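Visitor: sequence plus the predicted model coming up.
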Amino acid sequence: MISEDDVRARAYAMPLTSPAYPPGPYRFYNREFFIITYRTDPEALAAVVPAPLEVADPIVKYEFIRMPDSTGFGDYTESGQVIPVRFNGQTGGYVHAMYLDDDSPIAGGRELWGFPKKLACPKLAIEKETLVGTLDFGSVRIATATMGYKHRELAETDVMPALTAPNFLLKIIPHVDGTPRICELVRYYMEDIVFKGAWTGPAALDLYGHALAPVADLPVLEVLGASHILTDLTLGLGDVVHDYLA
């Protein structure tokens, strides 16, 4: 039998005898971001951001992230929405929704940090002169983003403030009876960032309705800008900044 001490020593992830991911830290090489910033409906935004976070402006960042080489998690792509927020005067981003194509980072992201990850099929690719991001949930296309490829270079000082800002997550782990056992606001940072380049260009974003992947519930009213960023970085482990069950 596995002793109780061994269980406690080894219990960092499930399942116990074959964890879905290794212990961190988690380093990402050539991590590629395609981010479109857009204005949305303020009432729709207020309906999805939990207190004590505060929303200053009705802005959303729609992201496609290509991760071809990450320690422990391998090669995968994700897509989702991040909402600029404030917490106790600190400006950051609330990760509202994420869709990705690899089981290991889905499990690790949800269990460790509380990332709102669901299984889907995001893609990020260059098609001739266009950077193209698409997201399919099952057989249904729910997002399409395009940007002119490397039309204008961005300086490191243009993009590093956003990359180094804190991000916030709502971590929920239920008890065996279905009530919340953990319900916390988690803050994390991207660390040890190596900037490799960034660009911008004309951009467009279309979101489509889906009952179980409601990215279109934050509608695109106006595209404000776009960026394409290439980095190496470490995904830092988080800290709990608010306990909803305390």
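Guide: Everything's here; your move.
Visitor: hey, which helix is longest across the chain?
Guide: helix 156-164 (DSSP state H).
Visitor: now the helices: where do they sit in this protein?
Guide: 4-10, 42-46, 103-108, 156-164.
Visitor: buried sites along the shortest one?
Guide: If you call a residue buried by 16 or more other CB atoms under 10 Å, then helix 42-46 has these buried ones: Leu45. All C-beta atoms are positioned from the backbone trio N, CA, C, and that covers glycine.
Visitor: what comes into contact with that helix?
Guide: When contacts are defined by CB atoms under 8 Å, 6 or more residues apart in numbering, helix 42-46 is touched by residues 55, 58, 60, 83, 217-219.
Visitor: could you do the third one as well?
Guide: Applying CB under 8 Å, 6+ apart, the contact partners of helix 103-108 are 13-14, 20-21, 26, 70, 72-74, 76, 78, 100, 117-119.
Visitor: and Pro161, how many neighbours?
Guide: Around Pro161 sit 9 other residues, with neighbours defined as other CB atoms under 10 Å.
Visitor: quick one, grab the pLDDT at it.
Guide: You'll see Pro161 listed with a pLDDT of 96.
Visitor: check Ala56 too.
Guide: Reported pLDDT for Ala56: 88.
Visitor: show me what contacts Pro52?
Guide: Neighbouring residues of Pro52 by CB under 8 Å, 6+ apart: 87-88, 185, 242.
Visitor: which two from those end up farthest apart in space?
Guide: Largest separation among the contacts of Pro52 by CB to CB: Asn88 and Leu185, giving 10.7 Å.
Visitor: contacts for stretch 128-138, please.
Guide: 34, 64, 79, 99, 120-126, 141-149, 201, 210, 212-213, 215, 228.
Visitor: pull out the buried members of those.
Guide: Buried among those (16+ other CB under 10 Å): 34, 64, 79, 99, 120-122, 124, 142-143, 145-148, 201, 210, 213, 215, 228.
Visitor: which among the contacts of helix 103-108 end up buried?
Guide: 13, 20-21, 26, 70, 72-73, 76, 78, 100, 117.
Visitor: re the thing from before, show me what the longest helix of the chain is packed up against.
Guide: For helix 156-164, the packing partners by 3 or more CB pairs under 8 Å, 6 or more residues apart in numbering; DSSP states H and E come out as strand 190-200, strand 222-235.
Visitor: mind listing what's buried along that helix?
Guide: 159, 162-163.
Visitor: stretch 78-91 too?
Guide: Buried residues in stretch 78-91, counting neighbours by 16+ other CB under 10 Å, are found at 78-85, 87.
Visitor: avg pLDDT for it?
Guide: pLDDT averaged over stretch 78-91 gives 97.
Visitor: CA atoms of stretch 44-63 as CSV?
Guide: C-alpha atoms of stretch 44-63 as CSV (Å, rounded to 0.1, in the frame of the first residue of the first chain):
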residue,chain,number,x,y,z
ALA,A,44,-22.5,42.6,-20.9
LEU,A,45,-19.1,43.1,-19.3
ALA,A,46,-20.5,43.9,-15.9
ALA,A,47,-22.4,40.6,-16.0
VAL,A,48,-19.2,38.5,-16.2
VAL,A,49,-16.6,40.2,-14.0
PRO,A,50,-16.7,39.2,-10.3
ALA,A,51,-16.3,41.6,-7.4
PRO,A,52,-14.1,42.8,-5.9
LEU,A,53,-12.6,43.3,-9.3
GLU,A,54,-13.6,46.6,-11.0
VAL,A,55,-14.0,47.5,-14.6
ALA,A,56,-12.9,50.9,-15.7
ASP,A,57,-13.8,50.8,-19.4
PRO,A,58,-15.8,48.4,-21.6
ILE,A,59,-12.7,46.9,-23.1
VAL,A,60,-11.9,43.3,-24.0
LYS,A,61,-8.7,41.7,-25.3
TYR,A,62,-9.3,38.8,-27.5
GLU,A,63,-6.2,36.5,-27.6
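Visitor: right, I'll leave it there.
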